[in-house]
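Novice: Pasted the sequence and its predicted model underneath.
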Amino acid sequence: MSNPEASKETCAPHVVKEELMAAGQWLKLEKMTYVDRSGSTRTWETVKRTTRLTNPSADAVGVIALLKRTLHKDCVVMVKQFRPPMGSYTLEFPAGLIDEGESAEVAALRELKEETGFRGEVVGVTPVTCLDPGLSNCTTQIVMVNINGDEGENINPTQQLGDGEFVEVVLLPLDEFQSKIDVLLKKEDIVVDSKVYMFAMGMAQAFFKPMELPVLKQ
Ligand SMILES: Nc1nc(=O)[nH]c2c1ncn2[C@H]1C[C@H](O)[C@@H](COP(=O)(O)OP(=O)(O)O)O1
């Protein structure tokens, strides 16, 4: 199939100018001027964090933490908190900004301990991923963590919350993750993070779809 737009392509798109429109302590709004692939100069309004680090990791980490306990189902450790930009409570993975010089793995274990009290062990990490690239250049790395729930400090976990932080820990069984989230959403005025719900749908497919294959139904 021929693409009429292809004949207009003259160059690789690139940013030529970033102009500050407004700035606060944590965020700034910029007007970015860029050249698109047809060679036309255009602008784009962009939100950026003022806290962007010089190290190569992402702005923030999200933590998929699995709590593993003897004689219990594996649970995903979630956090519920009031988020001012949403004007409501949200259901999210534990998360937070990466400090200068910190790796994503170290930041993940620190944030998990602070927000939930659990001590975990890293089992996987994503590359730097974008969050909402039409709005912002904000990035995150998602870190997979296992928690030995039979271990001393994980039996009675103690949060280490800062001033103004109010975080409720919510444990949801991994094998019913999506349905338990759906129950919470029906019961409470709460918004779920898209990463969480995508993970839940993926887990539901992984758990239940194989059983729906005709060959396994007999
Ligand atoms: N966009 C923000 N506005 C603020 O007024 N304050 C903000 C913003 N982003 C971060 N912060 C503050 C809030 C905390 O005091 C620190 C650290 O946040 P952290 O816990 O690392 O991240 P979140 O859990 O995502 O809030 O930054």
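Specialist: In hand now; what should we look at?
Novice: State the distance from Val191 to Glu30.
Specialist: For Val191, the distance to Glu30 equals 27 Å [Cβ to Cβ, to the nearest Å]. Heads up, the C-betas are built off the backbone N, CA and C, glycines and all.
Novice: These two: which has the busier surroundings?
Specialist: Counted by other Cβ atoms under 10 Å, Val191 and Glu30 do not tie: Glu30 has more neighbours, with 18 against 15.
Novice: Around the ligand, which positions in the protein sit nearby?
Specialist: 26-27, 95-97 (Cβ under 6 Å from any ligand atom).
Novice: Please identify, among those, the one with the most neighbours.
Specialist: Ala95 (20 neighbours).
Novice: Which secondary structure element is home to whatever residue of the chain ends up closest to the ligand?
Specialist: Closest residue of the chain to the ligand, Cβ to the nearest ligand atom: Gly96 (3.1 Å). Taking DSSP states H and E as the definition, Gly96 sits inside strand 95-97.
Novice: next SSE after that strand?
Specialist: helix 104-116.
Novice: and that next one, C-alpha only, in CSV?
Specialist: The C-alpha trace of helix 104-116 is given here as CSV (Å, rounded to 0.1, in the frame of the first residue of the first chain):
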residue,chain,number,x,y,z
ALA,A,104,16.3,2.0,40.3
GLU,A,105,16.7,-1.2,42.4
VAL,A,106,17.9,0.6,45.5
ALA,A,107,15.1,3.3,45.1
ALA,A,108,12.5,0.5,44.8
LEU,A,109,13.5,-1.2,48.0
ARG,A,110,13.7,2.1,49.8
GLU,A,111,10.3,3.3,48.6
LEU,A,112,8.8,-0.1,49.4
LYS,A,113,10.1,0.0,53.0
GLU,A,114,9.0,3.6,53.5
GLU,A,115,5.5,3.2,52.1
THR,A,116,4.7,-0.3,53.2
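Novice: For the spatially most central residue of the chain, name its beta-bridge partners.
Specialist: Centroid-nearest residue in the chain: Gly62, 4.5 Å away (criterion: Cα atoms, centre = their mean). Counting by DSSP bridges, Gly62 is bridged to Ala95, Ile142.
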